[in-house]
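Engineer: This is the structure alone, sequence omitted:
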């Protein structure tokens with residue numbers, strides 16, 4: 001079968017020319033229009049393809065930019081202090097040698113673990129402690145100094161409202177007392193005289209009541225005038241007012257309403273008055289001892305509720321503009337190296353100390369188990385200054401070990417014989433503790449005493 005020779009360009013043009021000449025006018029116009037459509041179609045297809053290519057390149061560039069920003073963010077965030085949550089609650093460290101499962105860490109994929117026999121654990125004397133919390137090193141440098149004081153709004157004096165001799169004091173400083181508990185007894189002649197005046201007013205009232213009844217009866221039968229009845233009524237009201245005044249004085253001097261109501265004759269008169277606790281709390285001061293002569297309104301004892309205390313901090317003039325009433329504050333103490341107490345600012349002194357150029361700022365802090373003692377020196381970080389929340393986990397120096405050039409700690413797991421060896425990055429040691437910059441969270445349980453034995457066991461099993 002012979003192949004047909006391909007038509008040349010000249011033959012194509014001749015053929016088209018003949019076709020156009022042989023076609024009517026309408027047919028020619030349709031043919032020309034169809035050629036135009038066919039000529040535009042490739043151009044539209046090429047434009048859509050170009051737009052798609054540009055969109056693909058833009059999407060790829062956007063994804064690359066997002067990845068790059070995320071990478072930079074991760075690089076910048078690496079090594080920062082892990083900020084503890086605002087309110088942290090975790091179990092207190094157990095007794096020495098106890099391996100409580102609370103707060104135990106589970107080994108993450110790829111983490112090294114060490115399993116020891118119970119005999120080795122007993123010989124090592126392992127102790128586990130919860131990871132504490134402290135102000136970050138940079139925040140601790142900016143923290144203000146403060147002193148713990150009793151909450152004056154929850155502090156009440158025990159006063160002797162009568163002068164006399166102090167017979168007994170049954171409360172000691174530091175003792176917990178309840179409201180209404182008898183704390184001291186005062187012997188007072190003034191109290192005895194007040195009771196005598198009350199009995200006299202009571203007897204006069206009874207006499208005037210009888211006279212008033214007789215006068216009323218005489219008026220009914222016409223044996224007494226109306227004027228005499230009115231005089232008797234006036235005298236009776238005066239006697240009632242006098243008795244009420246004497247009763248209130250006895251209550252003011254410290255007698256109870258029940259004791260005043262039982263006072264009917266000289267046999268019930270007593271020169272002793274008991275001083276009761278006006279509120280429940282702790283005795284924080286004792287100003288008198290038995291046998292002393294005390295004056296009226298003399299403070300014998302002071303009772304304070306120490307479940308809530310004040311921390312009065314000295315804040316420099318340059319920082320006062322940012323300290324606000326109601327803002328948060330964090331309180332730390334050398335006595336509790338791994339603990340942060342949360343509070344809030346309740347007062348900013350409007351006057352500066354001309355010598356130190358500081359103003360007193362009062363922070364109200366909850367004081368569970370009365371951990372903060374009155375007069376204790378503490379550090380205060382203020383939320384408005386950005387130091388209250390700049391905290392870091394902290395561990396004792398005995399928990400930190402070095403294995404293979406890496407700083408590690410051993411974490412307790414639910415299995416009492418298995419421990420996780422976790423690399424950490426710590427800051428400078430201060431007061432026998434390390435701030436942990438990376439690797440741990442507040443509340444994790446780490447091995448303190450005996451961690452060196454775990455390191456030795458690890459090196460024994462992994463000599464390389």
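Structural biologist: Yep, it's here. From a predicted model like this one, the values you see are computed outputs, not experimental measurements. Numbers count the residues shown, from 1 in each chain.
Engineer: Can you tell me the number of residues neighbouring the closest residue to residue 334 other than its chain neighbours?
Structural biologist: Leaving aside its chain neighbours, residue 334 sits nearest to residue 431 (6.4 Å; criterion: Cβ to Cβ, 6 or more residues apart in numbering). C-beta here means a position set from N, CA and C on the backbone, and glycine is covered the same way. For residue 431, the neighbour count with other Cβ atoms under 10 Å is 11.
Engineer: cool, and the one 10 residues further on?
Structural biologist: For residue 441, the count of nearby residues is 16 (other Cβ under 10 Å).
Engineer: can you check residue 359 too?
Structural biologist: 19.
Engineer: which residues does it bridge with?
Structural biologist: Listed beta-bridge partners, residue 359: residue 315 (assigned using DSSP bridges).
Engineer: in terms of contact, does it touch residue 315 like I think?
Structural biologist: Yes. Using Cβ atoms under 8 Å, residue 359 is in contact with residue 315, at 5.7 Å.
Engineer: Which neighbours do those two have in common?
Structural biologist: Common neighbours of residue 359 and residue 315 are listed as residue 348 (criterion: Cβ atoms under 8 Å, 6 or more residues apart in numbering).
Engineer: Pairing partners for the longest strand along the chain, with directions?
Structural biologist: Secondary structure of the chain per DSSP state E: the longest strand is strand 336-348. Applying DSSP bridges, strand 336-348 is found paired with strand 328-333 (antiparallel), strand 358-366 (antiparallel).
Engineer: do you know how far the residue nearest to residue 334 is from residue 442?
Structural biologist: From residue 431 across to residue 442, the span is 18 Å (Cβ to Cβ, to the nearest Å).
Engineer: Any stretches of the stretch 151-300 of the chain with poor pLDDT?
Structural biologist: Judged against pLDDT under 70, the stretch 151-300 of the chain has no low-scoring part.
Engineer: about what we covered before: how far does the longest strand of the chain sit from its chain's centre?
Structural biologist: 7 Å (Cα atoms, centre = their mean, to the nearest Å).
Engineer: mean confidence for it?
Structural biologist: Regarding strand 336-348, the rounded mean pLDDT is 89.
Engineer: Which parts of the protein belong to which domain?
Structural biologist: 71-136+390-464, 139-151+306-389, 157-182+274-303, 189-270 (automatic domain parsing).
Engineer: In CSV, list those domains along with distance to residue 62.
Structural biologist: Output for the domains of the chain, formatted as CSV (distance: least, Cβ to Cβ, whole Å):
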stretch, distance to residue 62
domain 71-136+390-464, 15
domain 139-151+306-389, 34
domain 157-182+274-303, 65
domain 189-270, 82
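Engineer: Give the buried residues for stretch 434-445.
Structural biologist: Judged by neighbour count using 16 or more other Cβ atoms under 10 Å, the buried positions of stretch 434-445 are 434-437, 439-445.
Engineer: from the residues you listed, which ones fall inside strands?
Structural biologist: Those of the buried residues of stretch 434-445 lying in strands (DSSP E): 434-437, 445.
Engineer: Need the max-distance pair from those.
Structural biologist: Taking Cβ to Cβ as the measure, these span a maximum distance of 19.2 Å, between 437 and 445.
Engineer: What does residue 319 show for phi and psi?
Structural biologist: Dihedral pair for residue 319: phi -100, psi -10, per degrees, to the nearest 10.
Engineer: With residue 131 instead?
Structural biologist: phi -60, psi 130.
Engineer: who touches it in this structure?
Structural biologist: 338, 393-395, 436, 440-446.
Engineer: let's go with 10 Å and repeat that
Structural biologist: Residues in contact with residue 131 (Cβ atoms under 10 Å, 6 or more residues apart in numbering) are 84, 90, 103, 338, 393-396, 399, 409, 411, 436, 440-446.
Engineer: Off-centre distance for the one helix or strand residue 210 maps to?
Structural biologist: Take DSSP states H and E as the rule and residue 210 turns out to sit in helix 189-221. The chain centroid and the centroid of helix 189-221 are separated by 61 Å under Cα atoms, centre = their mean.
Engineer: where exactly do the helices run in the stretch 351-464 of the chain?
Structural biologist: 451-461 (DSSP state H, counting those that start in this stretch).
Engineer: Please read the previous query as pertaining to the stretch 51-200 of the chain.
Structural biologist: 118-124, 137-142, 189-221.
Engineer: what residue is smack in the middle of this protein?
Structural biologist: By Cα atoms, centre = their mean, the chain has its centre lying nearest to residue 342, at 3.3 Å.
Engineer: And for residue 125, the neighbour number?
Structural biologist: Using other Cβ under 10 Å, residue 125 is surrounded by 11 other residues.
Engineer: ok, now which ones touch the closest residue to it other than its chain neighbours?
Structural biologist: Among residues not flanking residue 125 along the chain, residue 450 sits closest, at 5.2 Å (Cβ to Cβ, 6+ apart). Contacts for residue 450 were tallied using Cβ under 10 Å, 6+ apart; they are 96-97, 120-128, 398-399, 410.
Engineer: neighbour-wise, which of these leads?
Structural biologist: In terms of neighbours by other Cβ under 10 Å, the contacts of residue 450 top out with residue 410 at 30 neighbours.
Engineer: Before we move on, what's the pLDDT of the residue nearest to residue 125?
Structural biologist: For residue 450, the predicted pLDDT is 86.
Engineer: Distance-wise, check the residue nearest to residue 225 when sequence neighbours are not counted relative to residue 205.
Structural biologist: Nearest residue to residue 225, sequence neighbours excluded (Cβ to Cβ, 6+ apart): residue 219, at 7.5 Å. Residue 219 sits 21 Å away from residue 205, going by Cβ to Cβ.
Engineer: go on, residue 216?
Structural biologist: 16 Å.
Engineer: what about those two, which has more around it?
Structural biologist: Neighbour totals were compared for residue 216 and residue 205, and residue 205 leads with 18 against 13 (other Cβ under 10 Å).
Engineer: quick one: residue 331 and residue 345 touch, right?
Structural biologist: No. Judged on Cβ atoms under 10 Å, residue 331 makes no contact with residue 345 at a distance of 11.5 Å.
Engineer: Name the residue in these two with the higher neighbour count.
Structural biologist: Neighbours were counted for residue 331 and for residue 345 using other Cβ under 10 Å; residue 331 has more, 27 against 24.
Engineer: What distance separates the opening and closing residues of stretch 269-279?
Structural biologist: 28 Å (Cα to Cα, to the nearest Å).
Engineer: centre of the chain versus it, how much separation?
Structural biologist: 39 Å.
Engineer: Also stretch 156-173?
Structural biologist: Mean-position distance between stretch 156-173 and its chain equals 36 Å (Cα atoms, centre = their mean).
Engineer: got the buried residues for it?
Structural biologist: Buried-residue list, stretch 156-173, by 16+ other Cβ under 10 Å: 156, 158-164, 166-169, 171.
Engineer: And stretch 210-222, by the same measure?
Structural biologist: 212, 215, 219.
Engineer: Would you mind measuring from the last one to residue 207?
Structural biologist: The span separating residue 219 from residue 207 equals 19 Å under the rule Cβ to Cβ.
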